[in-house]
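Asker: Quick one: sequence and predicted model below, then my questions.
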Amino acid sequence: MRMVRVPLGTRSYDIRIGGDLLPGLGLVCRKLGLGRQCAVISDTTVAPLFGKSALRSLRSAGFEPVSINIAAGEQSKNLKSVDQCYAALANHRIERKSFVVALGGGVVGDLAGFVAATYLRGIPFVQVPTTLLSQVDSSVGGKVGVNLKAGKNLVGSFYQPQVVLCDLNTLKTLPEREFRAGLAEVIKYGIIYDAKFFNWLERDLDLLLRRDAKALTKAIARSCEIKAEVVGQDEKESGLRAILNFGHTIGHAIEAITAYGKYLHGEAISIGQVMAAQLSAGLKGLPARDVERIRALFERAGLPVQIRLTAPQRTRLRKAMMLDKKVSAGDIKFVLAERIGTIHIGQSVPDQMIDGVLKASGTS
Ligand SMILES: NC(=O)c1ccc[n+]([C@@H]2O[C@H](COP(=O)([O-])OP(=O)(O)OC[C@H]3O[C@@H](n4cnc5c(N)ncnc54)[C@H](O)[C@@H]3O)[C@@H](O)[C@H]2O)c1
Ligand SMILES: [Zn+2]
């Protein structure tokens, strides 16, 4: 098992990464000194796969868990589901020392974390992420929240878990497309922070795609280490944490104009990162060879690297980028790379350059 510490003073916690961690969930919770009553929040896909194992482990460690399942999918990440969870917690007499276990992907993690952050003004919670994306990204760093009709993640909080258990066995049932989408975030960590890690990904991507346990442990642990280091220095995103948004300004806009239907998040940010690399070549001197290495790695990971847009779609995309939260005083700020592993935040990019990259995409 590998351990990665997220250094946040009194709110510090460990991320445990390894095979078969779920049967040990109860013991881990007991060591945290949590109350008897607890709730396992999961979804209708994950609960039948791993719910029993989680509940059995908690019961044998002396806890009294109730299980709460929401319908699988992003459309459940809303205030209605939050309300349903509150009702179930009240029914189960959850109190201040009780805790919530989030068992599932990022949807469950964000929702359950928000429920834990707000019920009784905050009760402890434990993350058991079961998608690659949630293991390397959403379960680490404490951003929790839900969507409104007006937009994604508009209601939320910063609320750190007590511990994160990344059980590699849970990834065995993850659909291929979801797995590859998670790799888009893993590759991002190499680009923004660690050229050596990027080199290793280039070398061992095939092992990762086969979900080799050793390669997975290394990829997840290094990703979590990087996110932990960044979050440890800038928990509430006043500066450095913005590097995690590499490729996300364009990626979020692609998700928005395709009504969150065509592309998974990881797929949209794969295209977004390739475009950000192209902008970086023009503005930060990222060598053309590195732009090509970045494009090639996403492509080998089975992710889309370009998008064909009509002129009206390009206009909609630019408007969607303006709505993204990284816009200040009407100016879109980009995260751009100078080298693989060296990044700059808050970069202004001329409109015609963005349009040039959008036009060129999908025309080769
Ligand atoms: N809080 C953060 O910092 C942060 C960061 C990135 C993303 N997010 C959020 O994360 C969410 C996306 O997370 P996601 O990609 O994990 O999506 P998800 O939670 O919807 O999971 C994807 C699908 O896989 C299924 N699934 C989950 N684990 C499985 C397993 N082990 N085997 C088989 N099927 C499984 C789920 O039921 C779902 O249908 C978005 O809502 C996004 O906003 C949050
Ligand atoms: Zn992302």
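Answerer: Now that the structure is in, tell me what you want to look at. Ligands and ions are numbered 1, 2, ... in the order given.

Asker: Apart from its chain neighbours, what residue comes closest to the residue of the stretch 151-300 of the chain found nearest ligand 1?
Answerer: Ligand 1 sits closest to Thr173 of the stretch 151-300 of the chain, with a gap of 3.6 Å, by C-beta to the nearest ligand atom. Yep, even glycine has a C-beta here, placed from its N, CA and C like the rest. Counting by C-beta to C-beta, 6 or more residues apart in numbering, Leu49 is the residue found nearest to Thr173 once chain neighbours are left out, at 5.6 Å.

Asker: And for that neighbour, the neighbour number?
Answerer: By other C-beta atoms under 10 Å, 16 other residues sit near Leu49.

Asker: Now do the same contact list for Asn69.
Answerer: By C-beta atoms under 8 Å, 6 or more residues apart in numbering, the contact list for Asn69 reads Ile41, Ser42, Asp43, Thr44, Ala47, Gly51.

Asker: got it, and Gln233?
Answerer: Leu240, Arg241.

Asker: Look at it and report its pLDDT.
Answerer: pLDDT, Gln233: 92.

Asker: Next: Ala329.
Answerer: At Ala329, pLDDT is 65.

Asker: which ones are touching Ala288?
Answerer: The contact partners of Ala288, by C-beta under 8 Å, 6+ apart, come to Ala281.

Asker: that older thread, so which of the contacts of Asn69 comes closest to ligand 1?
Answerer: Using C-beta to the nearest ligand atom, the contacts of Asn69 come closest to ligand 1 at Asp43, 4.7 Å.

Asker: what are the bridge partners for the closest one, then?
Answerer: Ile70 (DSSP bridges).

Asker: Now for it, how many residues are close by?
Answerer: Using other C-beta under 10 Å: Asp43 sits among 23 other residues.

Asker: Enumerate every residue touching it.
Answerer: Asn69, Ile70, Ala71, Ala72, Gly73, Ser76, Gly104, Gly105, Val107, Val108.

Asker: Could you double-check that Gln306 sits in contact with Ile271?
Answerer: Yes: here Gln306 lies in contact with Ile271, judged by C-beta atoms under 8 Å, at a distance of 6.5 Å.

Asker: quick one, which of those two is more surrounded?
Answerer: Neighbour count, other C-beta under 10 Å: between Gln306 and Ile271, Ile271 has more, with 23 against 16.

Asker: Might one say that the more buried one is in contact with Val357?
Answerer: No: judged on C-beta under 8 Å, Ile271 makes no contact with Val357 at a distance of 10.7 Å.

Asker: State the distance from Val46 to ligand 1.
Answerer: 5 Å (C-beta to the nearest ligand atom, to the nearest Å).

Asker: how about the residues of this structure that lie near ligand 1?
Answerer: Counting by C-beta under 6 Å from any ligand atom, the chain comes close to ligand 1 at 43, 45-46, 49, 72-74, 77, 104-108, 110, 130-131, 133-134, 137-138, 141, 143, 153, 170, 173-174, 178, 265.

Asker: Just the buried residues from the contacts of Asn69, in ChimeraX please.
Answerer: Buried members of the contacts of Asn69, defined by 16 or more other C-beta atoms under 10 Å, are picked up in ChimeraX with:
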select :41,42,43,47,51
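
Asker: and which of the contacts of Asn69 is nearest Leu209?
Answerer: Asp43 (25.4 Å; C-beta to C-beta).

Asker: before we move on, back to that, going by neighbour count, which of the contacts of Asp43 are buried?
Answerer: For the contacts of Asp43, buried by 16+ other C-beta under 10 Å: Asn69, Ile70, Ala72, Ser76, Gly104, Gly105, Val107, Val108.

Asker: would you turn the contacts of Asp43 into JSON lines with pLDDT?
Answerer: Formatted as JSON lines, the contacts of Asp43 follow (pLDDT from 0 to 100):
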{"residue": "Asn69", "pLDDT": "98"}
{"residue": "Ile70", "pLDDT": "98"}
{"residue": "Ala71", "pLDDT": "98"}
{"residue": "Ala72", "pLDDT": "98"}
{"residue": "Gly73", "pLDDT": "95"}
{"residue": "Ser76", "pLDDT": "97"}
{"residue": "Gly104", "pLDDT": "98"}
{"residue": "Gly105", "pLDDT": "98"}
{"residue": "Val107", "pLDDT": "98"}
{"residue": "Val108", "pLDDT": "98"}
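
Asker: List the beta-bridge partners for the nearest residue to Leu55 once chain neighbours are set aside.
Answerer: Counting by C-beta to C-beta, 6+ apart, Leu55 lies nearest to Pro65, which is 5.3 Å off, once chain neighbours are set aside. Note on Pro65: beta-bridge partners by DSSP bridges are Cys38.

Asker: partners of the strand or helix carrying Val155 in the sheet?
Answerer: Element membership of Val155 [criterion: DSSP states H and E] is strand 151-158. Partners of strand 151-158 in the sheet, by DSSP bridges, are strand 143-148 (antiparallel).
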